[in-house]
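1. Sharing a model prediction with you, sequence too.
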Amino acid sequence: MVVPGQQDPEEKIFLPPEDLRANAHVPDFNSYLTLYKQSIEEPEEFWRNVAEEFYWQEPPSGQMLQYNFDVTKDGVYIKFMEGAKTNMCYNVLDRNVLDLKLGEKVAYHWEGNSPGHRLTITYSQLLKQVCRCANALKQLGVKKGDRVAIYLPMIPELVYSMLACARIGAVHSIVFAGFSSESLAERIMDAQCNVLVTADGVYRGEKLINLKQISNEALEYCREKGSLTVQKCLVVKHYAFRINGNDTCNKLQTPWNADCDVWWDEVVESASDECIPEWLDAEDPLFILYTSGSTGKPKGVLHTVAGYLLYTSLTFKYVFDHHHDDVYWCTADIGWITGHSYITYGPLANGATSVLFEGIPVYPHVGRFWEIIEKYRVSKFYTAPTAIRLLMKYGREPLQKFDLSSLRVLGTVGEPINPEAWLWYHDAVGHGRCPVVDTFWQTETGGHVLTPLPAATALKPGSATLPFFGVLPCILNEHGEELEGEAEGYLVFRKPWPGIMRGVYGNQERFENTYFKKFPGFYVTGDGCRRDKDGYYWITGRIDDMLNVSGHLLSTAEVEAALSEHSAVAEAAVVSRPHTVKGECLYCFVTLKDCRELNHTLMEELKRKVREKIGPIATPDFIQNAPALPKTRSGKIMRRVLRQIARNEKDLGDLSTLADPKVVEVLLSQRCEAAA
Ligand code: WT7
């Protein structure tokens, strides 16, 4: 590894600021190298040291890490500290309150969608609320190993209920509250959840969303499919409706099913605020989180207790260089892995104070983020490239109204960040004083795997830089040969780290096929990657049939299946097209039955279909009528050509394998210029 900038003085690099280095956990590049080397050469000792920070009911003995990544041998598996006994919730709450005396410290400043709505929650209050919820879940019949679906907006009850599950050994399966009823139903059925936790409703900006209605539709859907496993539905009355009196009933007309539904207020608030944690094996499941799969059916990514605890905790501490007087804010939703790892578990494991934000960046005004940073004196800020690009559009004026001098480190996650957005973030938001940590990771990796450390790593805009401790990245070519030095190819990992997924819930075969089959001996990310002369990694984007819209992965197959469900559609093919704010957006080609016309009404119906089947994030931006799709003689759709048409590329390259090249001319002449 070479120090960047030494070989090419022309290259734009940003060195860590001196003031950060003074008391940073990893104060310089050499310290990073030393720790990295130790983590790779002596992983057992490295992770045993990290484990010492935590409470073990039964201490770790024997080997820390056991695994098989080679799909040609018997079964892929990863086990970390198996045999040790602990509890996640105890470690992130009781340990802070009892051992570290942080009971009075603020765990969360909750800031609601509407500016007046806020709450402050200390560690001891959080512990009590979690215990109440844990006792209530037990009353509802939840036992160790049961799955609990959580479909909640960004309110404190979301944190309470996930930690309550962790406390009693139940497995949470959180479904982002922007998903449709069918998406929710599919996830509930796949994990056979016994209980659903939801809310009456929520405002996103000015839009009112009736979550209980959607939840009822989801349960109805499960019933129709003959697999209704949910017996109880725990319903939170959202703060926004509580303070307006009976608003809920009037506006939302919360549909109620007395056999199954219980109000949170009635069972949780009256429950005891003490609950003995369930001691679990290090390898017992902690949660399932669904992520899009290239076949169209989402995969239930499974994480277990101890490895995930150690990994999210350590990455949080080092990547944000966390100190006890920090105020940290991650703008993600807990419904995604970013929120699981870096709003709930990682920060709490470090006794951090976080902002928990329910709203959106542009409501009630486009300076909302900056206002919140000023209000809570946020020092570490973590957001997504799509949010940065959105806010960039409004220029620097909204920023100038607020005092951002508390900021020390800025982070980004979710998709490759274009250098222009990186530089704006660094200059306009960070005033050139704050390192930008571009963190590359996945639902499957549990935590950051390629990332700078703010006081140690020289930055290059657009690069996720170097591996985190314990992570061994490789770049392979199409034949699975490892490439050395400067190279571009498939990004894979050679060895597990504690936070890597343990499986696809209920489907070992899919786990192996998706991640380990293409290159035996490696975990395959699905991303393309370039390594430069300094050993820095640059993610080039997905190389499978996945799209990244605003930092959310979608599978083309999933959207195609939704479109094909419409009675007018004979066939659909979906590709990505670059988008200035979302990064990528959906461009859909549809072949209609009986020469139907793609008029405005049908276009709207198709969009609605996708929203209903998946959710608003998957709404197509472009829909083009395709009298026929370009196919090879064997009938395979040539997506490359469709992608080029969508991007208005003039040179379509070699079309000789097409069964009927004329199809392409027709499609080119009917390209969509403007969004649907
Ligand atoms: C995919 C994982 C990790 C939490 C959010 C998304 C893309 C993520 C970066 C980054 C370039 C990135 C990759 C990855 N991605 N972070 N810093 N630079 N690409 O989690 O839904 O599991 O998506 O997001 O393509 O594979 P996810």
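-> Structure's in. What do you need? In this text the structure is predicted, and so the values were computed from the model without any measurement.

2. Quick one: name the residues of the stretch 351-500 of the chain near the ligand.
-> Contact residues, the stretch 351-500 of the chain versus the ligand (C-beta under 6 Å from any ligand atom): 413-416, 438-443, 464. Using the backbone N, CA and C atoms, a C-beta is placed for each residue, glycine as well.

3. make it 8 Å
-> Residues of the stretch 351-500 of the chain lying near the ligand by C-beta under 8 Å from any ligand atom: 384-385, 412-417, 438-445, 450-451, 464.

4. With the stretch 551-676 of the chain instead?
-> Contact residues, the stretch 551-676 of the chain versus the ligand (C-beta under 8 Å from any ligand atom): 551-553.

5. I'd like the residues you listed written out as CSV, with secondary structure and neighbour count added.
-> Listed next are these as CSV, based on DSSP: H, G, I helix; E, B strand; the rest coil; neighbours: other C-beta atoms under 10 Å:
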residue, secondary structure, neighbour count
551, coil, 20
552, strand, 22
553, strand, 21
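
6. ok, and the closest non-adjacent residue to the closest residue to the ligand within the stretch 1-150 of the chain?
-> Nearest residue of the stretch 1-150 of the chain to the ligand, counting by C-beta to the nearest ligand atom: residue 14, 16.4 Å away. Nearest in space to residue 14, with sequence neighbours left out and distances taken as C-beta to C-beta, 6 or more residues apart in numbering, is residue 459 at 4.3 Å.

7. again, but for residue 232
-> Once flanking residues are discounted, residue 232 sits nearest to residue 140: 4.4 Å by C-beta to C-beta, 6+ apart.

8. which residues touch residue 408?
-> By C-beta atoms under 8 Å, 6 or more residues apart in numbering, the residues touching residue 408 are 20, 321, 326, 379-380, 433-434, 454.

9. Next: residue 132.
-> Residue 132 makes contact with 160, 268-269, 271-273, 275 under the criterion C-beta under 8 Å, 6+ apart.

10. cool, and residue 613?
-> Residues in contact with residue 613 (C-beta under 8 Å, 6+ apart) are 180, 182-183, 561-562, 565.

11. quick one: which of those has the most company?
-> residue 562 (25 neighbours; other C-beta atoms under 10 Å).

12. so how far is the ligand from that one?
-> Relative to the ligand, residue 562 is positioned 19 Å away (C-beta to the nearest ligand atom, to the nearest Å).

13. Mind telling me what element that residue is part of?
-> Using DSSP states H and E, residue 562 sits within helix 556-564.

14. which helices and strands sit right next to that helix?
-> strand 569-579, strand 583-592, helix 600-613 (3 or more C-beta pairs under 8 Å, 6 or more residues apart in numbering; DSSP states H and E).

15. Make JSON lines from these and add distance to residue 149 to it.
-> Listed next are the helices and strands packed on helix 556-564 as JSON lines, based on distance: least, C-beta to C-beta, whole Å:
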{"stretch": "strand 569-579", "distance to residue 149": "28"}
{"stretch": "strand 583-592", "distance to residue 149": "27"}
{"stretch": "helix 600-613", "distance to residue 149": "18"}
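
16. Deepest-packed of these, please.
-> Per-stretch averages of neighbours, counted by mean count of other C-beta atoms under 10 Å, single out strand 583-592 among these, with a mean of 23.

17. For the residue lying closest to residue 657 once chain neighbours are set aside, report the pLDDT, please.
-> Nearest non-adjacent residue to residue 657, counting by C-beta to C-beta, 6+ apart: residue 632, 5.0 Å away. pLDDT for residue 632: 80.

18. Residue 245 now?
-> 56.

19. Next, give phi and psi for the residue nearest to residue 232.
-> With angles defined as degrees, to the nearest 10, residue 140 sits at phi -80, psi 0.

20. Please tell me I have it right and it contacts residue 266.
-> No. Residue 140 is beyond contact range of residue 266, at 11.6 Å (criterion: C-beta atoms under 8 Å).

21. Which of these two has more residues huddled nearby?
-> residue 140 (18 against 12).

22. roughly how far apart are that one and residue 264?
-> 11 Å (C-beta to C-beta, to the nearest Å).

23. Show me whatever sits in contact with both of those two.
-> Taking C-beta under 8 Å, 6+ apart as the contact rule, residue 140 and residue 264 both touch residue 234.

24. hang on, the earlier thing: pretty sure the residue of the stretch 1-150 of the chain closest to the ligand sits against residue 426.
-> Yes. Residue 14 lies in contact with residue 426 (C-beta under 8 Å); the separation is 7.1 Å.

25. Now for these two: what residues contact both?
-> 436, 461.

26. which ones are touching the residue in the stretch 301-450 of the chain that the ligand sits nearest to?
-> In the stretch 301-450 of the chain, the residue that lies nearest the ligand is residue 443 (3.4 Å; C-beta to the nearest ligand atom). Counting by C-beta under 8 Å, 6+ apart, residue 443 makes contact with 289, 291, 301, 336-337, 501.

27. one more time with 6 Å
-> Residue 443 makes contact with 289, 291, 301, 337, according to C-beta atoms under 6 Å, 6 or more residues apart in numbering.

28. Equivalent analysis for residue 230, please.
-> Counting by C-beta under 6 Å, 6+ apart, residue 230 has contacts 193, 196, 219.

29. hey, what's the closest residue in space to residue 263 that isn't next to it in sequence bridged with?
-> Counting by C-beta to C-beta, 6+ apart, residue 263 lies nearest to residue 235, which is 5.6 Å off, once chain neighbours are set aside. On the basis of DSSP bridges, residue 235 is bridged to residue 198, residue 263.

30. measure residue 235 to the ligand for me?
-> As judged by C-beta to the nearest ligand atom, residue 235 and the ligand stand 28 Å apart.

31. Any idea how many residues pack against that residue?
-> Using other C-beta under 10 Å: residue 235 sits among 23 other residues.

32. Then residue 431?
-> For residue 431, the neighbour count with other C-beta under 10 Å is 12.

33. Leaving out chain neighbours, which residue sits closest to it?
-> With C-beta to C-beta, 6+ apart as the criterion, residue 431 has its nearest non-adjacent residue at 6.9 Å, and that residue is residue 404.

34. Doesn't the one you found belong to a helix?
-> No. Looking at residue 404 with DSSP: H, G, I helix; E, B strand; the rest coil, it is coil, so not inside a helix.

35. that older thread, quick check: phi and psi at the residue nearest to residue 657.
-> phi -80, psi 170.

36. Could you list everything it pairs with in the sheet?
-> residue 658.

37. Next: the one 5 residues further on.
-> Beta-bridge pairing of residue 637 under DSSP bridges involves residue 631.

38. tally of neighbours for it?
-> 17.

39. correct me, but it touches residue 574?
-> No. Here residue 637 lies out of contact with residue 574, judged by C-beta atoms under 6 Å, at a distance of 10.2 Å.

40. Can you give me the neighbour number for residue 485?
-> Residue neighbour count, defined by other C-beta under 10 Å, stands at 9 for residue 485.

41. nope, residue 632 is what I was after
-> Here the number of neighbours of residue 632 (other C-beta under 10 Å) works out to 11.

42. same deal with residue 509?
-> Around residue 509 there are 9 other residues, counting by other C-beta under 10 Å.

43. mind checking how far it is from residue 75?
-> Noted for residue 509: a distance of 10 Å to residue 75, by C-beta to C-beta.

44. Please apply the same query to residue 594.
-> Taken as C-beta to C-beta, the span from residue 594 to residue 75 is 50 Å.

45. now residue 165
-> Using C-beta to C-beta, residue 165 is found at 28 Å from residue 75.

46. Between the two, tell me which one has more neighbours.
-> residue 165 (29 against 10).

47. so who does residue 379 touch?
-> 326-327, 406, 408.

48. picking that back up, could the contacts of residue 443 go into TSV alongside distance to residue 523 and pLDDT?
-> Conversion of the contacts of residue 443 to TSV gives the following (distance: C-beta to C-beta, whole Å; pLDDT from 0 to 100):
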residue	distance to residue 523	pLDDT
289	17	98
291	15	94
301	13	98
337	16	97
